[in-house]
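J.: quick one, what's the 3D model for this:
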Amino acid sequence: MFQANHLTRREFLRTSAALGGAWGLALPAWAEPGEPFCRWLAGTGVAEITPPLEVGILMSSGRKAWEPFEGVRLPLHARAVVVEKDNRRIALVALDLIGLAGEAVGGMREFREQVVAAAGHAARADELVLASTHTHSGPESIALSDLYHAESFKAWAGLLARRIGSALQSAAGSLQPCRLMVGRRPAPGLAVNRRIKTTRGIASVRGDLPPEAVIGPEGPVDEDLRVAAFLDRSGRPVAILVNFTVHPVLEMCIKQVSPDYPGEMSLELERRHPDTVAIFLQGACGNINPPTIERSAANARAYGHHLAGLVGETLDELSPVEGSQLALRWTTISLPARSVTGEPEAEPLATRIGAARIGSAAFVFLPGEPFVEIALAIREASPWAFTAVVGYADDYIGYIPTDRAFENGGYEIGPGRWSRLASGSEAIVRDEALKLLRALREST
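T.: Numbers count the residues shown, from 1 in each chain. All right, here's what the predicted structure looks like:
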């Protein structure tokens, strides 16, 4: 006999179709329309955030170089989901951007307030999560060059806040009873650790290295594909949240605006599931690349569609979360920092990390570009059975390498504007994230 908490979405749909109506048999409590299983309200919204071509692309972080775009292959979007329970809300927005640096948008706190005002205060600023997909074919919005000083960039940044607010307003205006189901599956062959140990030191890409020079990858990859879906009373997905960990660099430096493979994945899922918003949540991919980088639209499309297929398979095997709580917490942490020349900074770098729970599902929100080892350690020690670690959330602070990576050197270690932290940051980020997860657990 089926047990309610162990029914997958596929089993539920099959059982309800075969038995529920024709024979008048009672469905499990969690599968009944409305309460108690539809424990949250959820709604979605989408807005385009494509910049004008003169708000250009980052061509080289080392040279602080950007160039105007030459065209738009695919528009960029802000995809939002608002979740509500007992007058509490979490407003999660995925942005088709490389990141969002507070320095570029007049401060992250001020930018969040602009978004909330543009949304008609559909959510409070402390309920808002902004997470970038990290596409390298979007505008240079992480302040590695001087582009953010341009009037065209400032105008677009203002428009960006208003467009995100519009997506949030739409999401808050479309709230409906939903249940949350989650699942995971392996996605092998889609990621490599790009930091290669060689006889010459660390190389961030294999490039033209002779085989005899390659020793092997410095660290692991994360092949976990994690999916969380809000389903309406009929079992149709309202929002599909996808957490996956690979740098979107399949169209890097070709001067065409594109959301890269995360956008291709979202568009394909939305084509397969009309009236659904597919939200890509980038993982800790600071040192993770796709296996090959052909820098072509065809490659990004094929990769994104393949990922969408894996998500589709996962959707059929989702299981319901337990509980009905909704909570989001933030904490400010101080990380040891270096100057762009590599000298220790007198003042540590202050930034935020966050964690949320929706029932028995947990989400961690980390700034900048965390190395994959940090996410793996958080998940391993998490008190939650389902934990998704999201990178590129809130402020862009550059790479968050492991202590071992600092010993080995390489591009991600810098120093430079893309790598301002010092050794010791790894443990602080990991431990503070786990404190948040445990606090959420203990608050039940």
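
J.: buried ones in stretch 385-393?
T.: Buried residues in stretch 385-393, counted by 16 or more other CB atoms under 10 Å: 386-393. From N, CA and C alone the C-beta is placed, and that goes for glycine too.

J.: now the strands for the stretch 151-300 of the chain?
T.: If you assign secondary structure with DSSP state E, counting those that start in this stretch, the strands in the stretch 151-300 of the chain sit at 176-186, 192-193, 196-198, 201-203, 214-217, 224-231, 237-244, 256-257, 277-282, 288-289.

J.: and the stretch 1-150 of the chain, by the same measure?
T.: Along the stretch 1-150 of the chain, the segments classed as strands by DSSP E, counting those that start in this stretch run 40-48, 57-60, 65-67, 71-72, 77-85, 88-95, 128-132.

J.: same list, these, but as CSV with distance to residue 370, mean pLDDT and mean neighbour count please.
T.: CSV is the format used below for the strands of the stretch 1-150 of the chain (distance: least, CB to CB, whole Å; pLDDT from 0 to 100; neighbours: other CB atoms under 10 Å):
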stretch, distance to residue 370, mean pLDDT, mean neighbour count
strand 40-48, 27, 99, 21
strand 57-60, 19, 92, 19
strand 65-67, 24, 93, 17
strand 71-72, 30, 98, 12
strand 77-85, 22, 99, 24
strand 88-95, 17, 98, 25
strand 128-132, 12, 99, 25
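
J.: count of neighbours near residue 273?
T.: Other residues within reach of residue 273, judged by other CB atoms under 10 Å, total 19.

J.: how about residue 210?
T.: Using other CB under 10 Å, residue 210 is surrounded by 8 other residues.

J.: let the chain start at 9 from now.
T.: Fine by me, first position is 9 from now on; the one you just mentioned is residue 218.

J.: roughly how far apart are the residue lying closest to residue 139 once chain neighbours are set aside and residue 205?
T.: Spatially, and ignoring its direct neighbours in sequence, residue 139 is nearest to residue 401 (4.3 Å; CB to CB, 6 or more residues apart in numbering). The gap separating residue 401 from residue 205 is 30 Å, by CB to CB, to the nearest Å.

J.: do the same with residue 122
T.: Separation of residue 122 from residue 205 (CB to CB): 45 Å.

J.: where is the longest helix in this protein?
T.: Here the longest helix in the chain is taken by residue count, with DSSP state H as the criterion, and it is helix 159-180.

J.: which other helices and strands does it contact?
T.: In terms of contact count using 3 or more CB pairs under 8 Å, 6 or more residues apart in numbering; DSSP states H and E, helix 159-180 is assigned the packing partners strand 48-56, strand 85-93, strand 96-103, helix 116-126.

J.: now do stretch 165-177, average pLDDT.
T.: Mean per-residue pLDDT for stretch 165-177: 99.

J.: tell me how many other residues surround the nearest residue to residue 116 once chain neighbours are set aside.
T.: Counting by CB to CB, 6+ apart, residue 110 is the residue found nearest to residue 116 once chain neighbours are left out, at 3.9 Å. Neighbour count for residue 110, taken as other CB under 10 Å: 19.

J.: give the contact list for residue 110.
T.: Contacts of residue 110 were listed using CB atoms under 8 Å, 6 or more residues apart in numbering, and they are 116-117, 119, 403-404.

J.: I'd like the distance between it and residue 222.
T.: In this structure, residue 110 lies at 39 Å from residue 222, with CB to CB as the measure.

J.: same check on residue 360?
T.: If you measure residue 360 against residue 222 using CB to CB, the figure is 38 Å.

J.: swap in residue 129?
T.: Using CB to CB, which is the criterion applied here, residue 129 is 54 Å from residue 222.

J.: picking up where we left off before, want to throw the strands of the stretch 159-308 of the chain into CSV with mean neighbour count?
T.: Conversion of the strands of the stretch 159-308 of the chain to CSV gives the following (neighbours: other CB atoms under 10 Å):
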stretch, mean neighbour count
strand 184-194, 20
strand 200-201, 19
strand 204-206, 18
strand 209-211, 16
strand 222-225, 12
strand 232-239, 24
strand 245-252, 25
strand 264-265, 20
strand 285-290, 27
strand 296-297, 23
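
J.: least reliable of those going by mean pLDDT?
T.: The stretch with the lowest mean pLDDT among those is strand 209-211, which comes in at a mean of 77.

J.: strands paired with that strand, and their directions?
T.: Within its sheet, strand 209-211 is paired with strand 204-206 (antiparallel), according to DSSP bridges.

J.: the residue nearest to residue 284 when sequence neighbours are not counted: what's it in contact with?
T.: The shortest distance from residue 284 to any non-neighbouring residue, by CB to CB, 6+ apart, is to residue 245 (4.7 Å). Neighbouring residues of residue 245 by CB under 8 Å, 6+ apart: 237-239, 281, 284, 323.

J.: if residue 245 is in a bridge, with which residues?
T.: Bridge pairing for residue 245 - DSSP bridges - gives residue 239.
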